[in-house]
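*Asks:* A structural model of the following input is requested.
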Amino acid sequence: MKYEDIPLVNNEAIHHFELTVDGISSFIDYKLRGDVVYLIHTEVPEEMEGQGIAAALVEKAFVYMEQHNLKMVPLCAYIQTYLKRHPEWTKLRAVFE
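*Replies:* I've put the predicted structure just below:
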């Protein structure tokens, strides 16, 4: 991963996982309910698109969720596509009885 040295910021005040590259922030908008994270929307500013930032952001968010024993509901189309390419992360999907 290209951005391994850049830390993920969990901005709990505004429900964003954030990754700042060259002073420009990209984010995943989420809602937390108990131990389930609803991943709503991934946004990378236009001038930063095509550099692998969204993929790095999603992977860092997944690692964070795994470390904090959280499950996810991927509502974001980008994250759904990412999961198809990286099925190893489907283990984080929340299962509702």
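*Asks:* Show me the helices in the protein, by range?
*Replies:* 53-67, 77-85 (DSSP state H).
*Asks:* Now do the residue most central in space within the chain, the pLDDT please.
*Replies:* In the chain, the C-alpha nearest the mean C-alpha coordinate belongs to residue 58, at 3.3 Å (C-alpha atoms, centre = their mean). Here, the pLDDT recorded for residue 58 equals 98.
*Asks:* Nearest residue to it in space, ignoring adjacent ones along the chain?
*Replies:* Excluding the flanking residues, the one nearest residue 58 by C-beta to C-beta, 6 or more residues apart in numbering is residue 82, at 5.0 Å. All C-beta atoms are positioned from the backbone trio N, CA, C, and that covers glycine.
*Asks:* burial of the one you found, as a residue count?
*Replies:* Close neighbours of residue 82, defined as other C-beta atoms under 10 Å, add up to 20.
*Asks:* can you pull the contacts of it?
*Replies:* 54-55, 58, 89 (C-beta atoms under 8 Å, 6 or more residues apart in numbering).
*Asks:* what's the closest of those to residue 28?
*Replies:* residue 58 (7.0 Å; C-beta to C-beta).
*Asks:* if I read this right, residue 10 contacts residue 17, doesn't it?
*Replies:* Yes - using C-beta atoms under 8 Å, residue 10 makes contact with residue 17 at a distance of 5.8 Å.
*Asks:* So if I had to pick from the two, which one is more boxed in?
*Replies:* Legend: neighbour count by other C-beta under 10 Å for residue 10 and residue 17, higher for residue 17 (24 against 18).
*Asks:* Adjacent strands (with direction) for the lengthiest strand in the chain?
*Replies:* Counting residues, the longest strand found in the chain (DSSP state E) is strand 24-33. As defined by DSSP bridges, the strand partners of strand 24-33 come to strand 16-21 (antiparallel), strand 36-43 (antiparallel).
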